[in-house]
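Peer 1: structure for the following, please:
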Amino acid sequence: MNLNKILTGVAASAVLALAAAPAQADTFQFSLTGDYTASWQLDSMPAVDEGSSGLAFLVTNVQGSFPGSATGTSSGFFFRNTSYGGGFVLLDPELAVTGAQLYTGDESSPTFTLGTFSLTNQFGAGAYTLTVTDVTAVPEPTNIALLLGGLGLFGTMAARRRSAK
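Peer 2: From the prediction side, this is the model:
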């Protein structure tokens with residue numbers, strides 16, 4: 001069997017194996033400004049601690065900057081745009097804001113939405129702006145492996161053509 005066929009088979013197998021690998025969630029930065037300021041990061045597809053289909057989901061022990069928090073962490077309920085009005089609740093310190101729905105998909109496997117959202121205090125006066133941005137700057141290992149595999153295959157083919165002449 002010649003080397004070209006072996007390398008082609010190996011490259012095709014690698015591509016199929018990498019394509020079947022599950023995608024990783026990006027890291028999103030949440031920046032809340034206005035009458036209260038906080039910031040935290042979550043996966044674009046968070047691990048849900050508790051969900052209520054069609055209503056809301058809970059993410060606990062979120063690390064970030066939460067002024068007034070006793071623990072330096074918070075938990076958050078994110079609501080569907082139903083009778084709750086969309087938005088979220090931070091549990092420590094307690095803050096409930098309403099506005100746009102901040103995620104898509106089912107509450108058991110939500111995906112956060114990027115953008116800037118105007119929110120209001122659910123229990124009184126107060127205006128807030130939440131900005132959600134993607135801070136994932138490093139390519140996934142599967143993308144790098146695919147690129148290197150493809151470049152290696154092209155290099156090998158070019159070298160074989162040169163040696164055949």
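
Peer 1: now the closest residue to Thr104 other than its chain neighbours: how far from Phe78?
Peer 2: Nearest non-adjacent residue to Thr104, counting by CB to CB, 6 or more residues apart in numbering: Thr111, 5.3 Å away. Placement of C-beta: from N, CA and C, glycine included. Distance of Thr111 to Phe78, computed by CB to CB, to the nearest Å: 11 Å.

Peer 1: the helices in this protein, which residues?
Peer 2: Using DSSP state H, the helices found in the chain span residues 3-20, 141-164.

Peer 1: domain parsing for the chain?
Peer 2: Structural domains annotated on the chain: 3-22+141-160, 27-133, as defined by automatic domain parsing.

Peer 1: these: lowest mean pLDDT?
Peer 2: Sorting those by mean pLDDT places domain 3-22+141-160 lowest, at a mean of 62.

Peer 1: picking that back up, kindly compare burial across the domains of the chain and name the winner.
Peer 2: Most buried of the domains of the chain, by mean neighbour count (mean count of other CB atoms under 10 Å): domain 27-133, with a mean of 16.

Peer 1: and it, end to end?
Peer 2: 9 Å (CA to CA, to the nearest Å).

Peer 1: likewise stretch 90-107?
Peer 2: This stretch, stretch 90-107, spans 17 Å end to end (CA to CA).

Peer 1: quick one on the thing from earlier: intersection of neighbour lists for Thr111 and Phe78?
Peer 2: Counting by CB atoms under 8 Å, 6 or more residues apart in numbering, the common neighbours of Thr111 and Phe78 are Tyr103.

Peer 1: the top strand by length along the chain pairs with which strands?
Peer 2: Longest strand in the chain by number of residues (criterion: DSSP state E): strand 56-65. Next to strand 56-65 in the sheet, as set by DSSP bridges, lie strand 38-43 (antiparallel), strand 50-52 (antiparallel), strand 73-79 (antiparallel).

Peer 1: any chance of these in a markdown table, with distance to Thr131 too?
Peer 2: Listed next are these as a markdown table, based on distance: least, CB to CB, whole Å:
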| stretch | distance to Thr131 |
| --- | --- |
| strand 38-43 | 9 |
| strand 50-52 | 25 |
| strand 73-79 | 16 |
